[in-house]
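Student: Prediction below, plus the sequence it came from.
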Amino acid sequence: MSTSPAADTLVSALQVGAELAAISDATAWLGALGAREGWPDALRFGLELSVEEALTNVISYGFAAVDHAPQIRLEVYRQPHGRVAVRLIDNGIAFDPTGLPEPDPAASIEEARIGGHGVQLMRHFLESLSYRRAGGENQLTLVAGPKAAD
């Protein structure tokens, strides 16, 4: 089990626009940060994919019913034993994706549905995925480590 990112070293932070075009900028920033920090390729890939999934959901659904300006930021923390935590913070509607059940497997490729698999994908690549609501903000923390990335 990992420690709270707040207790670890903040490496970098990024404000993200609330438009889908901003996702590629955010993942490019994360990839460059991972290269600079020397993250293993599999860890970096898993975090980039997980952040892309999480941001897509926040931007697509998190601000539909709010009357204030959207704010999204990413914070990256260095944790012990080669772990990395990314905290996605937004002021959208309250939503805990960690409570979503895994989708039922399709009986055939023809019955498979598109969408609804993002959280399951994140769970595959991450050591942990946690959520809390504080101060009117959603805080989704994604933690990956070298062993989880293998």
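Tutor: Good, I have the coordinates. Numbers count the residues shown, from 1 in each chain.
Student: What residues does residue 16 make contact with?
Tutor: Residue 16 sits next to 22, 23, 25, 26, 55, 72, 73, 74 when contact means CB atoms under 8 Å, 6 or more residues apart in numbering. Using the backbone N, CA and C atoms, a C-beta is placed for each residue, glycine as well.
Student: oh sorry, the question was meant for residue 13
Tutor: Neighbours of residue 13 in contact, by CB under 8 Å, 6+ apart: 73, 74, 75, 76.
Student: And the most centrally placed residue in the chain, what's its pLDDT?
Tutor: Most central in the chain under CA atoms, centre = their mean is residue 51, positioned 3.5 Å from the mean C-alpha point. If you check residue 51, the pLDDT there is 96.
Student: Also residue 129?
Tutor: Predicted confidence (pLDDT) for residue 129: 93.
Student: related to what we said a few turns ago, are any of the contacts of residue 13 buried, and which?
Tutor: By neighbour count, with 16 or more other CB atoms under 10 Å, the contacts of residue 13 hold 74, 75, 76 as buried.
Student: what helix or strand does the last one sit in?
Tutor: This points to residue 76. In this structure, residue 76 is located in strand 72-78 according to DSSP states H and E.
Student: Touching, residue 11 and residue 74? I think so.
Tutor: No - at 10.8 Å, residue 11 and residue 74 do not qualify as touching, with contact defined as CB atoms under 8 Å.
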